[in-house]
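*Asks:* Okay, sequence plus prediction incoming.
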Amino acid sequence: MNVIETQQLTRRFGSFTAVDEVSLTLQEGEIFGLLGPNGAGKTTLIKMLTTLLPPSKGGASVAGFDVVRQAREVRRVIGYVPQLLSADGYLTGYENLLIFAKLFDLPRQQRDERIQRLLHMMGLEAAADQMVSTFSGGMIRRLEIAQSMLHEPRVLFLDEPTVGLDPIARRSVWEHIQRLRTEFSTTILLTTHYMEEADSLCQRIAILHQGRVAAIGTPEQLKAGLNGGSATLDEVFAHFAGAELQPSGSYFEVSRTRHDARRVG
Amino acid sequence: MTHAVSAKPCPLPRPLADAIYFWRKTFNIFEMELRKLRHDSMPLFTRAVQPLLWLLIFGQVLAATRAIPTGEFGYIAFMAPGILAQSVLFISIFYGLSIIWERDLGIIHKFLASPAPRASLVLGKGLSSGMRGISQAFIIVPLAYFLGVNVNWSLFNLLGILAVVVLGAIVFSTFSLLIAIWVKTRERFMGVGQFLTMPLFFASNAIYPIEVMPEWLQVISHFNPLTYMVDALRTMILTGSQSSFGLVTDFLVLGGVATTLVWFAARRYPTFIT
């Protein structure tokens, strides 16, 4: 069954087309990776699928609900971890989870059990009663993922889940994402610009370039299609997106990325 | 879906169910803010310093000059409710700053992708501003009493004071949110915030009666929600005080402005993150 379907999904900002007629389908239970350089339209695409941004043209459905006409229903069945920091530093880890459990109407009897289970799964039990402002970057990411899984969503959106994390924290986040999939069989759509991440986590990958899908398939298929089958995913990426890399990243963007990286790192 | 909501034996009529849902989500947000305050309640006390200075220094000095005609009440009695309203205004108006901070972090995105109604996200925060305002009332009203103001301690009036403080906080914090949505960055907000609070304060009856204002300012002050807030507070705090507009008018104006602003902010809220 197709959990996500987009038809010619398009978003323009003024004369700039961030996402250009993207048609994708995601099957139940797969981890799907959206790759692309900065400004390729990854985040804009996720924002449309999570109902945060209305499409300029085309449409999309998530778990059978239309992202425009049935936005409320969509929000009930998705989990979303934004690229930026979304856990509240002025609350404890447990409180961050509790508030979201309440926002998503988990019945009182289930609330605590669910919270404890996710704390355990994400390896955060010991830190549950500490203020999130004292957490490390990897812990914050795992908390945010736990937060987005409380209501056991059908689809989980992870926007650059490991940006700014050191290799060890990154690996730990990967392991936890894998576990979510095996335990809840959640469909996961993640964006990344780490090839290694896409290669080890995703069943299928789409490479976005200037708002369009430049290539799509399993990591093996993509690698096999280039250099007579001996390409690395890095080479695939460079082939489809890198050849004419936009001079992406203004001064402020760079400053902001580094700032965010410092904050989560 | 597996949600327990659908299993209710006797379904409520849709508007009622929606209203209950709206208030439950509003209180979820409110609870979150209260928990944050519990972890760090220091701001409640530091915020009280400024109103104390107004009452103890500005108030005492101006009372000694007898320059402002405040009728049967002394100047301290006249200004105490005004300073409470001012304190609520100043606390609430910088709420937009914290929401820009949360937007920059990414917290707002997550809430907007949750099923909570946008109006709940707005009003929940407004209520928390109200809570902060109430803490000021607990400091300013007793202080006024110790400075010799004849405070009306009837339960009805005390509850009325809290209600006005909460309504006023909702009005000004939501107004502040709208500005934040409009200007989008912290730097610009700081400029606009400064530029708006003082005119709101001076074009009101907080520290001098409307009658002594030049005529053009009198007209403006009638369009200022702070004027109605001060009028209601003055009527309920001071024993034997007469309202200029009538308490019903005060409450209707504050309630109406609060509802309109929350409705409008809820509509504009999603554009905050694009």
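*Replies:* Yep, it's here. Numbers count the residues shown, from 1 in each chain, chains lettered A, B, ... in the order given.

*Asks:* Quick check: the gap between the residue sitting nearest the centre point of chain B and A:Gly39.
*Replies:* Central residue of chain B (CA atoms, centre = their mean): B:Ala169, 1.3 Å from the mean position. As judged by CB to CB, to the nearest Å, B:Ala169 and A:Gly39 stand 41 Å apart. Any C-beta I mention is one placed from the backbone N, CA and C, and that applies to glycine too.

*Asks:* B:Trp23 too?
*Replies:* Following CB to CB, the distance that separates B:Trp23 from A:Gly39 is 42 Å.

*Asks:* Quick check on these two: which one has the bigger neighbour count.
*Replies:* Counted by other CB atoms under 10 Å in any protein chain shown, B:Trp23 and A:Gly39 do not tie: A:Gly39 has more neighbours, with 19 against 14.

*Asks:* mind checking how far that one is from chain B?
*Replies:* 16 Å (CB to the nearest CB, to the nearest Å).

*Asks:* helix, strand or coil for that residue?
*Replies:* coil (DSSP: H, G, I helix; E, B strand; the rest coil).

*Asks:* Find me the pLDDT at it, would you?
*Replies:* On pLDDT, A:Gly39 comes in at 81.

*Asks:* mind checking the end-to-end distance for stretch A:32-39?
*Replies:* 19 Å (CA to CA, to the nearest Å).

*Asks:* Same question for stretch B:266-274.
*Replies:* 15 Å.

*Asks:* average pLDDT for that stretch?
*Replies:* Mean predicted confidence for stretch B:266-274 is 89.

*Asks:* Give the buried residues for it.
*Replies:* Neighbour-count burial for stretch B:266-274 flags B:266, B:269-270, B:272-273 (criterion: 16 or more other CB atoms under 10 Å in any protein chain shown).

*Asks:* Give the residue spans of the stretch 51-200 of chain A that score low on pLDDT.
*Replies:* Counting by pLDDT under 70, the stretch 51-200 of chain A shows no low-confidence range.

*Asks:* Which residue does it have closest to chain B?
*Replies:* Proximity of the stretch 51-200 of chain A to chain B (CB to the nearest CB) peaks at A:Leu84, 2.7 Å away.

*Asks:* and the nearest residue to that residue once chain neighbours are set aside, how many neighbours does it have?
*Replies:* Nearest residue to A:Leu84 in three dimensions, chain neighbours excluded: B:Gly106, at 2.7 Å (CB to CB, 6 or more residues apart in numbering or on different chains). The local packing of B:Gly106 (other CB under 10 Å) involves 19 other residues.

*Asks:* Model confidence at B:Gly106, what's the number?
*Replies:* The model's pLDDT for B:Gly106 equals 84.

*Asks:* A:Val81 versus that one, what's the distance?
*Replies:* For B:Gly106, the distance to A:Val81 - CB to CB - is 9 Å.

*Asks:* same thing with A:Arg75?
*Replies:* 14 Å.

*Asks:* So which of the two has more stuff around it?
*Replies:* A:Val81 (27 against 22).

*Asks:* A:Ile145 is in contact with the more buried one, correct?
*Replies:* Yes - if you go by CB atoms under 8 Å, A:Val81 and A:Ile145 touch, sitting 5.8 Å apart.

*Asks:* Now the common contact residues for these two.
*Replies:* A:156, A:158, A:161 (CB atoms under 8 Å, 6 or more residues apart in numbering or on different chains).

*Asks:* ok, back up a step: could I get the contacting residues of the residue nearest to the centre of chain B?
*Replies:* B:88, B:91-92, B:126-127, B:129-130, B:132-133.

*Asks:* before we move on, what about A:Gly123?
*Replies:* Contacts of A:Gly123 by CB under 8 Å, 6+ apart are A:142, A:172, A:176.

*Asks:* tell me the secondary structure for it?
*Replies:* coil.

*Asks:* Which positions in the stretch 51-200 of chain B make contact with chain A?
*Replies:* Applying CB under 8 Å from any CB of the partner chain, one finds that the stretch 51-200 of chain B approaches chain A through B:104-107, B:109-116.

*Asks:* tell me the phi and psi of the residue of chain B found nearest chain A?
*Replies:* Chain B approaches chain A most closely through B:Gly106 (2.7 Å), counting by CB to the nearest CB. Main-chain torsions, B:Gly106, degrees, to the nearest 10: phi 120, psi 0.

*Asks:* From B:Ile139, how far out is the closest residue in space to B:Val151 that isn't next to it in sequence?
*Replies:* Nearest residue to B:Val151, sequence neighbours excluded (CB to CB, 6+ apart): B:Tyr145, at 4.7 Å. To B:Ile139, B:Tyr145 is 11 Å away according to CB to CB.

*Asks:* okay, the two: which has more neighbours?
*Replies:* B:Ile139 (18 against 14).

*Asks:* Can you check the pLDDT for the more buried one?
*Replies:* 93.

*Asks:* May I ask which helix or strand encompasses it?
*Replies:* In the assignment (DSSP states H and E), B:Ile139 maps to helix B:118-146.

*Asks:* List the buried residues for that helix?
*Replies:* Neighbour count says helix B:118-146 has B:118-137, B:139-141, B:143-144 buried, by 16+ other CB under 10 Å.

*Asks:* Run the chain-centre distance for the following helix or strand past that helix.
*Replies:* Counting by DSSP H and E, the next helix or strand C-terminal to helix B:118-146 is helix B:155-183. Its chain's average C-alpha position is 2 Å from that of helix B:155-183, according to CA atoms, centre = their mean, to the nearest Å.

*Asks:* can you check stretch A:61-78 too?
*Replies:* Using CA atoms, centre = their mean, the offset of stretch A:61-78 from its chain centre is 17 Å.

*Asks:* next one: stretch A:93-108
*Replies:* That offset, for stretch A:93-108, works out to 21 Å (CA atoms, centre = their mean).

*Asks:* CA-only coordinates of that stretch, as PDB, when you get a sec.
*Replies:* The C-alpha trace of stretch A:93-108 is given here as PDB (Å, rounded to 0.1, in the frame of the first residue of the first chain):
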ATOM      1  CA  GLY A  93      13.000  15.000  29.100                       C
ATOM      2  CA  TYR A  94      10.000  13.400  30.700                       C
ATOM      3  CA  GLU A  95       8.000  16.600  30.600                       C
ATOM      4  CA  ASN A  96       8.700  17.100  26.900                       C
ATOM      5  CA  LEU A  97       7.200  13.700  26.300                       C
ATOM      6  CA  LEU A  98       4.300  14.200  28.700                       C
ATOM      7  CA  ILE A  99       3.100  17.400  27.000                       C
ATOM      8  CA  PHE A 100       3.100  15.800  23.600                       C
ATOM      9  CA  ALA A 101       1.400  12.700  24.900                       C
ATOM     10  CA  LYS A 102      -1.400  15.000  26.100                       C
ATOM     11  CA  LEU A 103      -1.400  17.000  22.900                       C
ATOM     12  CA  PHE A 104      -2.000  13.800  21.000                       C
ATOM     13  CA  ASP A 105      -4.700  12.600  23.300                       C
ATOM     14  CA  LEU A 106      -3.100   9.500  24.600                       C
ATOM     15  CA  PRO A 107      -5.400   7.900  27.200                       C
ATOM     16  CA  ARG A 108      -4.200   8.500  30.700                       C
END
